[in-house]
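K.L.:
Okay, predicted coordinates and the sequence, questions at the end:
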Amino acid sequence: MRTSQKKRLIVGISGASGIVYGIRLLELLRALPEEQRVETHLIMSRAAEVTLAHETDFKVRDVEKLADVVHANKDIGASVASGSFRSLGMIIAPCSMKSLAEIATGVTDTLLSRAADVVLKERRRLVCMVRETPLHSGHLRNMLALSDMGAVIAPPVPAFYAKPESIAAMVDHSLGRVLDLFDLDSGTVHRWREKDES
């Protein structure tokens, strides 16, 4: 008799500006109600660690404590590098253009890009919260290539209809919409006109 499989989600944090998205994502996942709880597997790039020091007062170990399992980005033999590792998929928050390009071209020499490649080949959901502006045609081609492979390109664009009162509210709404893609309700999404229709 098979036991129920624990739901698992891979969280990648790359070196783009906006590392708050990755940190807050881990916090929201940890706070999900028990019936939605997922086991989080964290991969941070070296550039993410540098960005962390520039943009926050967090230490790497503080971020790692928010995850259930932490994998070194150099460990390409980790469990998440295999298609036999069952998961709901992967969110890269934020996703740098370097990481995006690695995944789009299949040049996956880090665990972060390899795990994303595996998620795609196994037809699981990959969500890339890309962070760059303005975009040149190379960025756009890589995004299109990933979209054609089945990835979701989800730049963290604020939803001003929600009338956010803080940066934290904007971050939470963007992350809530990403978690919606995995049928996980963080309780942070202002849903358009739902109160009007109830």
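P.N.:
Arrived safely, thanks for sending.

K.L.:
secondary structure element for residue 171?
P.N.:
Residue 171 belongs to helix 167-180 when elements are defined using DSSP states H and E.

K.L.:
how about the strands in this protein?
P.N.:
Remark: strands assigned in the chain by DSSP state E are 8-13, 39-44, 69-72, 89-95, 125-130, 152-153.

K.L.:
what's the closest of those strands to residue 29?
P.N.:
With respect to residue 29, and counting by C-beta to C-beta, the nearest of the strands of the chain is strand 39-44 at 5.3 Å. Placement of C-beta: from N, CA and C, glycine included.

K.L.:
Identify each buried residue in that closest one, please.
P.N.:
Residues of strand 39-44 classed as buried under the neighbour-count rule (16 or more other C-beta atoms under 10 Å) are 40, 41, 42, 43, 44.

K.L.:
nearest to residue 173, of those?
P.N.:
Proximity of the buried residues of strand 39-44 to residue 173, judged by C-beta to C-beta, is greatest for residue 40, which lies at 20.5 Å.

K.L.:
Would you agree that closest one is in contact with residue 28?
P.N.:
No. If you go by C-beta atoms under 8 Å, residue 40 and residue 28 don't touch, sitting 10.3 Å apart.

K.L.:
hang on, the earlier thing: please work out which of the strands of the chain is packed deepest.
P.N.:
A comparison of those by mean neighbour count, using mean count of other C-beta atoms under 10 Å, puts strand 89-95 on top with a mean of 29.
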